[in-house]
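1. next come a sequence and a model predicted from it.
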Amino acid sequence: MLELIFIHIHKTGGKSMSQVFEDVYGKSSTFRLNQNVFRGLKPSEVNLRTLIPGRTNVLSGHLPYPYLQQIVKEDRPKLVTWLRDPVERVISNYYWRLSLDRSKAAEEGIAYTDMTLDEYIHIPKNQNRMSTFLEGLVLTDLFFIGFLESHDQDMEALAQKLNWLSLPRIHTNINPAFNKEPRIITAEIREEIKRLNQQDLELFQEAISLKDIINKEV
């Protein structure tokens, strides 16, 4: 029976949340599910029970909420996720894509390494990603919501709310190749990202306004 699910939406840098949960709860009871196992399938065509080891209590992964709804209904686990400023998220994801080798880009059929930021943001699948991942979820049903902008403080608050005895050390992991890319982003591009990601902007603002309510100690 699942007790805790962490919905990854974007990379947080450093030690992943999956590794943190593994440190806290142990390898035998934690599992990270790769969304590639059900890529191309509708939520109604996926039975997570068949993909998750039976001993798993803590699940994490890049898991859109529509694929989790049935198991959430059955197990009623604590749901945790992290959000990020939508404009910064899109920009960061673009540069992360550029850092991938060409073979990985080819697997997706899109040559991200040859794409400008302006081209990237106009691809529909790159827009409103946070809203897509959390579609169908009422934010107040979350057990905890964190923000990349306040990552360390939110990690401490999560650890306290989950009654962890200690917070695993989180190492900063910086990819030198990733950071060599220049990030000169014009005001016009930022405004266009906002225009194309209105749902995420609204979600982000709603999450900020509800953070204290969602994260309060019970």
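-> Cool, the structure landed. Everything quoted here is computed from the prediction, not taken from an experiment.
2. how about low-confidence regions in the chain?
-> 11-15, 101-111, 169-182, 218 (pLDDT under 70).
3. try 50
-> 171-178 (pLDDT under 50).
4. which residues are contacting the top strand by length along it?
-> If you go by DSSP state E, the chain has its longest strand at strand 78-83. Residues from elsewhere that reach strand 78-83 (C-beta atoms under 8 Å, 6 or more residues apart in numbering): 3-10, 12, 17, 72, 130, 133-134, 137, 141-148, 151, 154, 158, 162, 203-204, 207. Yep, even glycine has a C-beta here, placed from its N, CA and C like the rest.
5. buried sites along that strand?
-> 79-83 (16 or more other C-beta atoms under 10 Å).
6. looking at these, which is nearest His62?
-> Thr81 (11.0 Å; C-beta to C-beta).
7. so what sits opposite that closest one in the bridge?
-> Ile7, Ile145 (DSSP bridges).
8. helix or strand right after the longest strand of the chain?
-> helix 86-99 (DSSP states H and E).
9. buried residues, that next one. List them.
-> 86-87, 89-95, 97-98.
10. distance to Asn197 added to these, as a markdown table?
-> Below are the buried residues of helix 86-99 laid out as a markdown table (distance: C-beta to C-beta, whole Å):
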| residue | distance to Asn197 |
| --- | --- |
| Pro86 | 5 |
| Val87 | 7 |
| Arg89 | 8 |
| Val90 | 6 |
| Ile91 | 11 |
| Ser92 | 13 |
| Asn93 | 11 |
| Tyr94 | 13 |
| Tyr95 | 17 |
| Arg97 | 16 |
| Leu98 | 19 |
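11. and the angle from the longest helix seen in the chain to helix 86-99?
-> In the chain, taking DSSP state H as the definition, the longest helix is helix 198-215. Put simply, helix 198-215 runs at 110 degrees to helix 86-99, going by axes from the mean of the first three to the mean of the last three C-alpha atoms, to 10 degrees.
12. for the host helix or strand of Val20, the distance to its chain's centre please.
-> Secondary structure assignment for Val20, by DSSP H and E: helix 17-25. From the chain centre to the centre of helix 17-25 is a distance of 15 Å (C-alpha atoms, centre = their mean, to the nearest Å).
13. next helix or strand past it?
-> Sequence-wise, the next helix or strand downstream of helix 17-25 (DSSP H and E) is strand 30-32.
14. picking up where we left off before, between the buried residues of helix 86-99, which sits nearest Glu191?
-> So of the buried residues of helix 86-99, ranked by how close each gets to Glu191 (C-beta to C-beta), first place is Val87, at 9.1 Å.
15. report the separation between the closest one and Pro124.
-> Going from Val87 to Pro124 by C-beta to C-beta, to the nearest Å gives 17 Å.
16. and stretch 146-155, end to end?
-> Its start and end residues considered, stretch 146-155 measures 8 Å (C-alpha to C-alpha, to the nearest Å).
17. for that stretch, which outside residues touch it?
-> 10, 12, 20, 80-85, 157-158, 167, 170, 207-208, 211.
18. of these, buried ones?
-> Buried among the contacts of stretch 146-155 by 16+ other C-beta under 10 Å: 10, 12, 20, 80-85, 157-158, 170, 207, 211.
19. I'd like those residues laid out as TSV, including distance to Gly61.
-> TSV is the format used below for the buried ones among the contacts of stretch 146-155 (distance: C-beta to C-beta, whole Å):
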residue	distance to Gly61
His10	13
Thr12	13
Val20	14
Val80	12
Thr81	12
Trp82	13
Leu83	17
Arg84	18
Asp85	23
Ala157	22
Leu158	17
Ile170	19
Ala207	20
Lys211	23
